[in-house]
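>>> turn this into a model:
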Amino acid sequence: MVIGYFFISVAVVLILGMATSWVDRKVTALVQARVGPPWYQPVADVAKLLGKEMLVPETSRAMGFALAPVAGFAAACVAGAILLGMLITGREFAGDLIVLVYLLAVPSVSMIIGACASGNPVSVVGASREMKMLLAYELPMLIVLVTTVFRAGGDFRIARLVAHQQAEGWMLLSASGVIGFIVALVSIQAKLGLVPFDAPEAEQEIMGGVMAEYSGPALALFRLTKMMLLCMLPVLMGVLFLGGFRMRGWDILWSVLKYMAVVVPLVLIRNTNPRLRVDQITRFFWGPMTVLALAGLALAALKV
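Purely as a prediction, here's the structure:
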């Protein structure tokens, strides 16, 4: 039974992630006055990469280089199974939010390890940028998570966070919730590596950075991982701030609208901002975003 729920949850996250990726690319194309890709393009891209040969640089540490994308994809699958499995079945376990946050950090760490193991100086530069970004955006994001948990009575279980909002109202309907939502939205923009926070890849500067040496199935795994994160992070935002999701009757439409309420701003931010330098990103998250997150935490303590 558990294995069945795992595979169903992973399949749903993959499909929804690919669909969201297509929406992102389609909207981007329309903004740039292009037609954009057909609906099946994400599937075609992954299938094409899976059919190609994976090239391993002679200067690389082959084991770390090859296993990094597998580790990132595996962590994304487990995170998807926990998040979506709980929303589908209603089951929970103590500290599931902590476990989920830990698993969602693994894909970024795996990119850093893989890039460092590639032996390419350009990839190492990308890994350095990814590491600085990870240290930058995780701080305000963790403060926001603590804020939501604090307002829910100190419970780290996702189902309890949703139940609290259904009884007391959405987190977003409070001042601390609005602040937390804004900080979390910007933080997941960086976690997804979307413009203006795409410095670790930056094709025009460092030729793809962390992804420069990856090809074939390994690159496909990284792409799939990013698509899964593009699905899971908006879902997590909906759970933390928008009262969760219900997949019954008319509630399905309402859940889709909640999901799009997070996805649309991500796409709009991506298409209306220039790329930031990594030092600007670090100052931005350790400065204004952290201060704003702490202000939200203080307001939560005052029950505002």
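
>>> in contact with the residue located most distally from the centre of the chain, which residues are there?
Within the chain, the residue lying farthest from the chain centre (Cα atoms, centre = their mean) is residue 58, at 32.0 Å. The neighbours of residue 58, taking Cβ atoms under 8 Å, 6 or more residues apart in numbering as the test, are residue 119. Where you see a C-beta, it was placed from the backbone N, CA and C, and this is true even at glycine.

>>> can you pull the phi/psi pair for it?
Here is the backbone geometry of residue 58 (degrees, to the nearest 10): phi -60, psi -30.

>>> can you pull the buried residues of the helix or strand hosting residue 159?
Following DSSP states H and E, one finds residue 159 within helix 158-168. Buried residues in helix 158-168, counted by 16 or more other Cβ atoms under 10 Å: 158, 159, 160, 161, 162, 163, 164, 165.

>>> cool, and stretch 116-133?
116-120, 122-133.

>>> do the same with stretch 48-66
49, 54, 56, 57, 60, 65, 66.

>>> would you mind giving those residues as TSV with distance to residue 17 and secondary structure added?
Shown next, in TSV, are the buried residues of stretch 48-66 (distance: Cβ to Cβ, whole Å; DSSP: H, G, I helix; E, B strand; the rest coil):
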residue	distance to residue 17	secondary structure
49	15	helix
54	22	coil
56	27	coil
57	29	coil
60	28	coil
65	24	helix
66	23	helix
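
>>> run through the strands of the stretch 101-250 of the chain in chain order.
For the stretch 101-250 of the chain, no strands are identified by DSSP state E, counting those that start in this stretch.

>>> ranges for the helices of it?
Secondary structure of the stretch 101-250 of the chain (DSSP state H, counting those that start in this stretch): helices at 121-151, 158-168, 175-191, 203-206, 216-241.

>>> those: which one's closest to residue 99?
Taking Cβ to Cβ, helix 158-168 is the member of the helices of the stretch 101-250 of the chain nearest to residue 99, at 10.0 Å.

>>> what does that closest one rub up against?
The contact list for helix 158-168, computed with Cβ under 8 Å, 6+ apart, reads 83, 86, 90-92, 96-97, 100, 148-149, 151-153, 155, 171, 239-240, 242-244.

>>> only the buried subset of the residues you listed, as a PyMOL command please.
What follows is the PyMOL syntax for the buried subset of the contacts of helix 158-168, where burial is set by 16+ other Cβ under 10 Å:
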select buried, resi 83+86+92+96+97+100+148+149+151+152+155+171+239+240+242+243+244
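
>>> state the pLDDT value of the most centrally placed residue in the chain.
Nearest residue to the geometric centre of the chain (Cα atoms, centre = their mean): residue 229, 3.9 Å. pLDDT for residue 229: 95.

>>> now it: how far from residue 45?
Noted for residue 229: a distance of 16 Å to residue 45, by Cβ to Cβ, to the nearest Å.

>>> what stretches of this structure score poorly on pLDDT?
By pLDDT under 70, the weakly predicted segments of the chain are 1-2, 88-95.

>>> repeat that for 80
In the predicted model, the chain carries pLDDT under 80 at residues 1-5, 85-95, 153, 155, 204, 206-207, 246-251, 304.

>>> report the contact partners of the residue nearest to the centre of the chain.
Going by Cβ under 8 Å, 6+ apart, the list of residues near residue 229 reads 17, 76, 104, 107, 191, 192.

>>> now do residue 77
Residues in contact with residue 77 (Cβ under 8 Å, 6+ apart) are 6, 10, 13, 228.

>>> repeat that with 7 Å
Applying Cβ atoms under 7 Å, 6 or more residues apart in numbering to residue 77 gives the contacts residue 10.

>>> quickly find the element holding residue 39.
Here residue 39 is assigned to no helix or strand, by DSSP H and E.

>>> distance of it from residue 15?
Distance, residue 39 to residue 15, using Cβ to Cβ: 12 Å.

>>> same deal with residue 53?
Look at residue 53 and residue 15: by Cβ to Cβ, they are 27 Å apart.

>>> and the angle for the helix holding residue 159 with helix 216-241?
Using axes from the mean of the first three to the mean of the last three Cα atoms, to 10 degrees, the inter-axis angle of helix 158-168 relative to helix 216-241 is 30 degrees.

>>> ok, back up a step: distance to residue 33 for the helices of the stretch 101-250 of the chain - can I get that in a markdown table?
Below are the helices of the stretch 101-250 of the chain laid out as a markdown table (distance: least, Cβ to Cβ, whole Å):
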| stretch | distance to residue 33 |
| --- | --- |
| helix 121-151 | 30 |
| helix 158-168 | 41 |
| helix 175-191 | 24 |
| helix 203-206 | 20 |
| helix 216-241 | 24 |
